[in-house]
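> below is the sequence, then the predicted model.
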2 protein chains.
Amino acid sequence: MSLPTSELSAAELTTEPGAATPAAGATKQLIVQKFGGSSVADAAGIKRVADRVVAARQAGNDVVVVVSAMGDTTDELLDLAGQVTDGAPAREMDMLLSAGERISMSLLSMAINNKGAVAQSFTGSQAGMYTDAIHGKARIIDVDPHRVRTALDKGHIAIVAGFQGMSQDTNDITTLGRGGSDTTAVALAAALEADVCEIYTDVDGVFTADPRVVSSAQKIDKISSEEMLELAASGAKILHLRCVEYARRFGVPLHVRSSFSQNEGTWVLPSPDDKITIKEGVALEQPIISGVAHDRSEAKVTVVGVPDTPGKAAAIFQVIAKAHSNIDMIVQNVSTKGTAHTDISFTLPIVEGADALAALEAAQAEIGFESIDYNAEIGKLSLIGAGMRSHPGVSATFFKALSDAGINIDMISTSEIRISVVTRADLLDDAVRAIHKAFGLDGESTATVYGGTGR
Amino acid sequence: MSLPTSELSAAELTTEPGAATPAAGATKQLIVQKFGGSSVADAAGIKRVADRVVAARQAGNDVVVVVSAMGDTTDELLDLAGQVTDGAPAREMDMLLSAGERISMSLLSMAINNKGAVAQSFTGSQAGMYTDAIHGKARIIDVDPHRVRTALDKGHIAIVAGFQGMSQDTNDITTLGRGGSDTTAVALAAALEADVCEIYTDVDGVFTADPRVVSSAQKIDKISSEEMLELAASGAKILHLRCVEYARRFGVPLHVRSSFSQNEGTWVLPSPDDKITIKEGVALEQPIISGVAHDRSEAKVTVVGVPDTPGKAAAIFQVIAKAHSNIDMIVQNVSTKGTAHTDISFTLPIVEGADALAALEAAQAEIGFESIDYNAEIGKLSLIGAGMRSHPGVSATFFKALSDAGINIDMISTSEIRISVVTRADLLDDAVRAIHKAFGLDGESTATVYGGTGR
């Protein structure tokens, strides 16, 4: 049903316009490389990353490196905070946590300088990462990397602290929250008009399903930003939604690859017109289905007995938005009571559940609903593929496979390139394997699974 | 010979203009408090400091706190650096080390907020500490604490990172080097026109000699900036020379006191006209002699066979200055060879010895001297007292005491309020005790010696 991507696993890939590390005589590129905390967990890791960075520079490229805090630093800082306070002001917590990247980036810079290249490290504010003032989950509102550009113009390697920025209004230090370092890397790549943003992780790339659940999952060689967005939104952990959104919006090609090997990883390409070509020049058809994602991090909230009058649903979602919760799927049930009331169900991250429930309860009288149900024992499965919009029968195959596997469906949502369902949490793995198989994604080889999460 | 300062030990002291914590109904003051790394070495220490800060705020004062990095943080960061590089660029080392205060200041701010007061932490650059670009030992060239002032105007406590600033030319993070946090505190106190700058340490104040050497040393209740400057320059570790210089220049009253007790410490007053008064209003005479300081951190360099022509001494000291070494005592020997050559001896910090020697050797041909002698086995003893300028006989007593104790003198230097001699390092403690006794500084009680250095 799809062109098996595993056929490409040994081929050397380039993109048009070329975005791989140039060979001798090839065009000089501007490469942004992002390394997570597990890659720089200790001195040995930092030196390994330094080797990689220096190699990219010596190949003739301009190199910008975005780095997270060293392995356990963030946890250690949070532990210290817990020892002195019951609840830290968010501004001070951001100040504390931002020390983490300051340590890793200056050490990486030292290690690179020690290898004979010249590197300079820059904090988020020095790199011009301007954000709003929502501490702990700030959003980037402007990027002005003129100091990074100046360093590159001098032939230096620029090391930039991931995850952090400075509030444009208050000049306070902010952190970007989850996926922050990836987002820093993509935002810098966009502002610098980089040729590629390489996201280094501890797996070989993006897989057709989580290899820990589906052992026959295959590495995807190329995927569109659009599909990667749906995969990330659907629970694929390898890239954060924000980073993919940013890359798509600004046309930044991403290359997700392992920091433990020289293998090509997965290219995430912003335009559907970008073609990945194997060496002989044969362009690949876009496969119909890219992969299966799953997610256990959400809970389902049902607001029961909402008056069926205009504005009530909006009122509910305004309350949730004010609590800074991110709603995912929404279903408005048809009222079966014959009354002028309805039920509204939605999913949201479990970690945001308590705040959202508190906000809803505070607004209960005003909105006039009857009660709230909360269920964290759910799982979400999503099938993603840009090809499905032009191929009929995908839905039929999808629901038949789940039915054959005896999986009950609780909620459904679809986009042009995605079908998602909510099931019981304990049935989720079975559901993922059934769908992966039904769409011909199973490969012959067994995927290598590394430890850790790469974040 | 001097009014024993020990008579005041139990008296409650104030200064004119009053600079102690105001009692109920007293005038509101602006207090800068500086806590060193040993005071905030762990969560318990941070909470203790928070109590002290909150008490000063609740007494109605405006409070600014300058804090060093937690106990071992700097050593841990240096150790990490040593694992990734043989020699870090100074810019990157400053970036790394500045993470230390970022951690301690945000934790202290959290601890204060947790006690119900409102605190905000500020990095060196946020607090407007502008420096030159000499990384590792930057000098403050401007202080613009408008963000600190704004915080105070809102009734908040401002926590400021000691030891660090931002280069005005390059916008890079700098560190101030030794004594940096004390200097930050005094510079902020000056810019904010604070009523007092309290330097918290692990001893009760400034003593007439190092209590570890002279067990009968007594706490000094009041000392002029001028004398404190000589004491600090002569090796008294409790306050760094830079901080005292800064305080004297800008007229900032210092109060050196213990973070482990509520006792009054030592007041260092910028103007000789400032009087310390005991409660009954009896003003104190300035004692003739304030104290005895000693120093083992210097080495003696002798440049042998310097051509006795104009400009040669200047050439030597220009070479040393370019190596950023700080020369202390200088003696030009009378040439005994009957030739047109002379020897020039000087002392400098042992830690700067290697750089200075290398610089001199590089300039040997140009200057035309014969050889260099280097001796690190020396000690310096200094007697300080503003009263000595109007009291004859001090020198006679001084040299007789050393002679009686069988101490040979190697170099001598004097100012209006100080006599310093260089002796063999192994005779230094005996010399200190002999001088302390000869000038009637011995008290009846034994000084309490706490562990640690308070830095």
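Structure's in. What do you need?
> and A:V432, what helix or strand is that in?
When elements are assigned from DSSP states H and E, A:V432 belongs to helix A:428-438.
> quick one: the helices in the stretch 251-400 of chain A?
Along the stretch 251-400 of chain A, the stretches classed as helices by DSSP state H, counting those that start in this stretch are A:312-322, A:353-362, A:364-367, A:394-404.
> in the stretch 301-450 of chain A, where is pLDDT below threshold?
By pLDDT under 70, the low-scoring segments of the stretch 301-450 of chain A are A:334-339, A:444-450.
> what about the residue in it positioned nearest to chain B, neighbour count?
Taking Cβ to the nearest Cβ as the measure, the stretch 301-450 of chain A has A:D355 as its residue closest to chain B, at 20.4 Å. Backbone N, C-alpha and C define where each C-beta goes, glycine included. A count of nearby residues for A:D355, using other Cβ atoms under 10 Å in any protein chain shown, gives 15.
> and what of A:E352?
Neighbours of A:E352 under the rule other Cβ under 10 Å: 17.
> mind listing what it touches?
A:E352 is in contact with A:323-326, counting by Cβ atoms under 8 Å, 6 or more residues apart in numbering or on different chains.
> kindly recompute the last result at 10 Å.
Contact analysis of A:E352 by Cβ atoms under 10 Å, 6 or more residues apart in numbering or on different chains lists A:298-299, A:320, A:323-327.
> filter these to the buried ones?
Buried subset of these (neighbour count, 16 or more other Cβ atoms under 10 Å in any protein chain shown): A:298-299, A:320, A:323, A:325, A:327.
> tell me, how many residues neighbour A:D172?
For A:D172, the count of nearby residues is 23 (other Cβ under 10 Å).
> pLDDT value on the nearest residue to it once chain neighbours are set aside, please?
In space, and not counting its chain neighbours, A:D172 is closest to A:R91: 5.7 Å by Cβ to Cβ, 6 or more residues apart in numbering or on different chains. Looking at A:R91, its pLDDT is 96.
> kindly report the same for the one 3 residues further on.
According to the model's per-residue confidence, A:D94 sits at a pLDDT of 96.
> go on, the one 10 residues further on?
Here the pLDDT value assigned to A:S104 is 97.
> can you give the distance of the helix or strand it falls within from its chain's centre?
Assigned by DSSP H and E, A:S104 falls within helix A:90-114. Mean C-alpha position of helix A:90-114 versus that of the full chain (Cα atoms, centre = their mean, to the nearest Å) differs by 22 Å.
> please list all residues in contact with the spatially most central residue of chain A.
When Cα atoms, centre = their mean is applied to chain A, the residue found nearest the centroid is A:H240 (1.1 Å). Taking Cβ under 10 Å, 6+ apart as the criterion, A:H240 is in contact with A:176-183, A:186, A:199, A:232-233, A:246, A:455.
> which of those sit farthest apart?
Pairwise distances across the contacts of A:H240 (Cβ to Cβ) peak at 18.9 Å, for the pair A:S181 and A:A233.
> those two: which is more packed in?
Neighbours per residue (other Cβ under 10 Å) separate A:S181 from A:A233, with A:S181 holding more: 27 against 22.
> now do the SS call for A:E198.
Classification of A:E198 by DSSP: H, G, I helix; E, B strand; the rest coil places it in strand.
> count the residues that sit near it.
A:E198: 26 neighbours (other Cβ under 10 Å).
> do you know how far A:L441 is from A:P211?
Distance from A:L441 to A:P211, counting by Cβ to Cβ, to the nearest Å: 12 Å.
> isn't A:D182 right up against A:G37?
No - judged on Cβ atoms under 10 Å, A:D182 makes no contact with A:G37 at a distance of 11.9 Å.
> the two - which one has more neighbours?
Set A:D182 next to A:G37 and count neighbours by other Cβ under 10 Å: A:D182 wins out with 32 against 26.
> tell me which element the more buried one is part of?
Assessed by DSSP H and E, A:D182 sits inside helix A:180-191.
> got the CA positions of that helix in PDB?
Provided in PDB are the C-alpha atoms of helix A:180-191 (Å, rounded to 0.1, in the frame of the first residue of the first chain):
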ATOM      1  CA  GLY A 180      12.400  24.600  24.100                       C
ATOM      2  CA  SER A 181      15.900  23.800  22.900                       C
ATOM      3  CA  ASP A 182      14.600  22.300  19.600                       C
ATOM      4  CA  THR A 183      12.500  25.500  19.100                       C
ATOM      5  CA  THR A 184      15.600  27.700  19.800                       C
ATOM      6  CA  ALA A 185      17.500  25.800  17.200                       C
ATOM      7  CA  VAL A 186      14.800  26.100  14.600                       C
ATOM      8  CA  ALA A 187      14.100  29.700  15.400                       C
ATOM      9  CA  LEU A 188      17.800  30.500  15.000                       C
ATOM     10  CA  ALA A 189      18.000  28.500  11.800                       C
ATOM     11  CA  ALA A 190      15.100  30.500  10.400                       C
ATOM     12  CA  ALA A 191      16.500  33.900  11.400                       C
END
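> so for that helix, mean pLDDT?
95.
> next, the angle from it to helix A:90-114.
Counting by axes from the mean of the first three to the mean of the last three Cα atoms, to 10 degrees, helix A:180-191 lies at 70 degrees to helix A:90-114.
> what about helix A:180-191, distance to the chain center?
Using Cα atoms, centre = their mean, the offset of helix A:180-191 from its chain centre is 12 Å.
> please apply the same query to stretch A:435-442.
The chain centre lies 23 Å from the centre of stretch A:435-442; the measure is Cα atoms, centre = their mean.
> and if you look at stretch A:142-162?
Relative to its chain's centre, stretch A:142-162 lies at 24 Å (Cα atoms, centre = their mean).
> start to end distance for it?
15 Å (Cα to Cα, to the nearest Å).
> give me the buried positions along it.
Buried residues in stretch A:142-162, defined by neighbour count with 16+ other Cβ under 10 Å: A:143, A:145, A:147-149, A:151-152, A:156-162.
> likewise for stretch A:167-186?
By neighbour count with 16+ other Cβ under 10 Å, stretch A:167-186 contains the buried residues A:167, A:172-186.
> quick revisit: out of the contacts of A:H240, which comes closest to A:D426?
A:A233 (23.1 Å).
> could I get the contacting residues of the closest one?
A:A233 makes contact with A:240-241, A:244-245, A:293, A:295, A:326, A:328, A:380, A:382, A:384, A:415, A:418, A:420, according to Cβ under 10 Å, 6+ apart.
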